[in-house]
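>>> This is a predicted model, with the sequence first.
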Amino acid sequence: MSQTKSSDKSKSPRMKKETAEPKPPREQKKNGAAAGRDTLRVIPLGGMREIGKNMTVFEYGDDLFAIDCGMAFPDNRMPGIDVIIPDFTYLRDRRDQFRGVLITHGHEDHIGALPWLIKEFDVPVYATPMSMKLIETKLENFRPKITSDKLQVVRAGEKLTLGSFEIDFIHVNHSIADAVSLAVTSPVGTVFYTGDFKIDYTPTTVKPIDLGKIAELGNRGILALISESTNAEREGHSLSEREVGRAFADIFTQAKGRIIVATFSSNVFRLQQVISMAETHNRKVLILGRSMQNVFAAASSLGYLTFDPSTIIDVQSVDSYPPEELVILATGSQGEPMSALTRLAFSEHRSAEIIPGDTVILSSSMIPGNEEAIYRVINELFMKGAQVIYDTLSEVHASGHAYRDEMRQIITLTKPAFFIPSHGEYRMLYQHAELANDMGIPA
């Protein structure tokens, strides 16, 4: 069962300018089709005042398209609901104007609702290579299976024209490969849409964020900056992925038994770090959890992972190696009940279990609301005799989202006339708006 729920309109507490509130279709017909045709409309269908189900519509004249199409997961106030998807009513009422969907990256809160959208709308979906692999896997596994002949791969550095819009795809750093920001140029100006991003000067296997291109766009003139707000409450600069690698090196050197690493399955850079560290220490790697296996297969097929094929073993081979020669990469960093790590902790996995001497690394941050489930798993791991390392004890995780210094840098480079904080709960949007106001953008 799925539930659709409309998002609140984009609004910052100190901003008098906000995204245009669309007129209901009935009122538009009454006032004539030409009303507001020279207006750029930005309509959030999700991802405003919330974490999840990111989806934003851009509309000018007879053309509109959407950026992202994500899902959210229910909280304790939503019994019986499995997933939450954006409300597509606005798109249904303008079906003939709908030119396509652009994906910033392949996380569930940005692609998770695509099966429902593609089932209803026969429109192109444009995504970078890693995002497209994950979309294809999602459509393949959806029941009933969904097919589309309008999935189109795009890459950072390319341009795309959709009706009266021209879109630039710009490489950014995030906790998944092939993340992009979008510069949306319309007849009335350019909107820079950051998507999820961080500024990492020393990433592990990819280039740093393309700050040169962002500065170039800023010098040309940015009408509006729509920037993510996830870490708007965190001062300073986010940790580099390379720093996480140094923490892993210390742990791998000291660990005597098996090493079990639980992380977000989509974080290809973290997977690469663990596999490379295992090879350095003559360990084999077992991958547990369907989502992580899917990401591993997708990244490997694109050449995004480098490893000796003999390093990766299947579960039937585990007993052939002593504990000090094994690393297990597992899903379950958020304490999900059916994840590999949770089943290991509670002796419910059919092929493996926690044994005394294991070192378990939770290489992720705690998503708000998941703390109780995560600590429950951590407690059980300790009781089973494992040593557990998590982000409050060691720098084993780097956020994929910008901190306040990085947000300031994007505002400085883009120099927008208007600023719209997005992707975050209200308190995050509020703090981001305050930051922009302090930098000289009028409230």
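Thanks, I have the structure now.

>>> rest of the way, CA atoms for contacts and neighbours
Will do.

>>> any weak-confidence spans in the stretch 251-400 of the chain?
Applying pLDDT under 70 to the stretch 251-400 of the chain flags the ranges 392-394.

>>> where do the helices sit along the stretch 51-200 of the chain?
Along the stretch 51-200 of the chain, counting by DSSP state H, counting those that start in this stretch, helices occupy 89-92, 108-111, 114-120, 129-141.

>>> and the third one, average pLDDT?
For helix 114-120, the mean per-residue pLDDT is 96.

>>> Same check on the last one?
For helix 129-141, the mean per-residue pLDDT is 95.

>>> try stretch 425-438
Mean pLDDT, computed over stretch 425-438, is 96.

>>> next one: stretch 187-203
Average pLDDT, stretch 187-203: 96.

>>> For the residue minimising distance to the centre of the chain, which non-adjacent residue is closest in space?
What sits nearest the mean C-alpha location of the chain, by CA atoms, centre = their mean, is residue 107, with 3.9 Å. Closest residue in space to residue 107, ignoring its immediate chain neighbours: residue 266 at 7.1 Å, by CA to CA, 6 or more residues apart in numbering.

>>> Tell me how many other residues surround the one you found.
24 (other CA atoms under 10 Å).

>>> My reading is that it lies in a helix. Confirm?
No - looking at residue 266 with DSSP: H, G, I helix; E, B strand; the rest coil, it is coil, so not inside a helix.

>>> residue contacts, it?
Shown in contact with residue 266 (CA atoms under 8 Å, 6 or more residues apart in numbering): 106-107, 175-176, 291-292, 295.

>>> Please apply the same query to residue 230.
51, 401-402, 423-425, 428.

>>> again, but for residue 386
Listed by CA under 8 Å, 6+ apart, the contact set of residue 386 reads 354-360.

>>> Now with 10 Å, please.
257-260, 345, 354-360, 378-380 (CA atoms under 10 Å, 6 or more residues apart in numbering).

>>> Same question for residue 296.
265-268, 271-272, 287, 290, 304-305.

>>> Check residue 408 too.
So residue 408 contacts 402, 432, 435-436, 438-439 (CA under 10 Å, 6+ apart).

>>> so is it in a helix, a strand, or just coil?
Three-state assignment for residue 408 (three-state DSSP): helix.

>>> Wasn't residue 275 part of a helix?
Yes - Residue 275: assigned to a helix according to three-state DSSP.

>>> The contacts of residue 408: which two are farthest apart?
Across the contacts of residue 408, the longest distance by CA to CA is 17.8 Å; it joins 402 and 438.

>>> hang on, the earlier thing: give the PyMOL command for selecting the buried subset of the contacts of residue 408.
In PyMOL syntax, the buried subset of those is picked out as below (16 or more other CA atoms under 10 Å):
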select buried, resi 402+432+435+436
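
>>> Any chance of a markdown table for the contacts of residue 408, columns distance to residue 156 and secondary structure?
Formatted as a markdown table, the contacts of residue 408 follow (distance: CA to CA, whole Å; DSSP: H, G, I helix; E, B strand; the rest coil):
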| residue | distance to residue 156 | secondary structure |
| --- | --- | --- |
| 402 | 20 | coil |
| 432 | 26 | helix |
| 435 | 29 | helix |
| 436 | 27 | helix |
| 438 | 32 | helix |
| 439 | 29 | coil |
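
>>> Tell me the one among the contacts of residue 408 nearest to residue 95.
The closest of those, once distances to residue 95 are taken by CA to CA, is residue 432, at 33.9 Å.

>>> my read: that closest one touches residue 402, true?
No - applying CA atoms under 10 Å as the test, residue 432 and residue 402 come out as separate, 11.3 Å apart.

>>> What segments of the stretch 201-350 of the chain are strands?
224-228, 259-263, 284-288, 312-313, 326-330 (DSSP state E, counting those that start in this stretch).

>>> what's the answer for the stretch 1-150 of the chain, then?
Under DSSP E, counting those that start in this stretch, the stretch 1-150 of the chain gives strands at 2-4, 41-46, 55-60, 63-67, 83-85, 98-102, 125-127.
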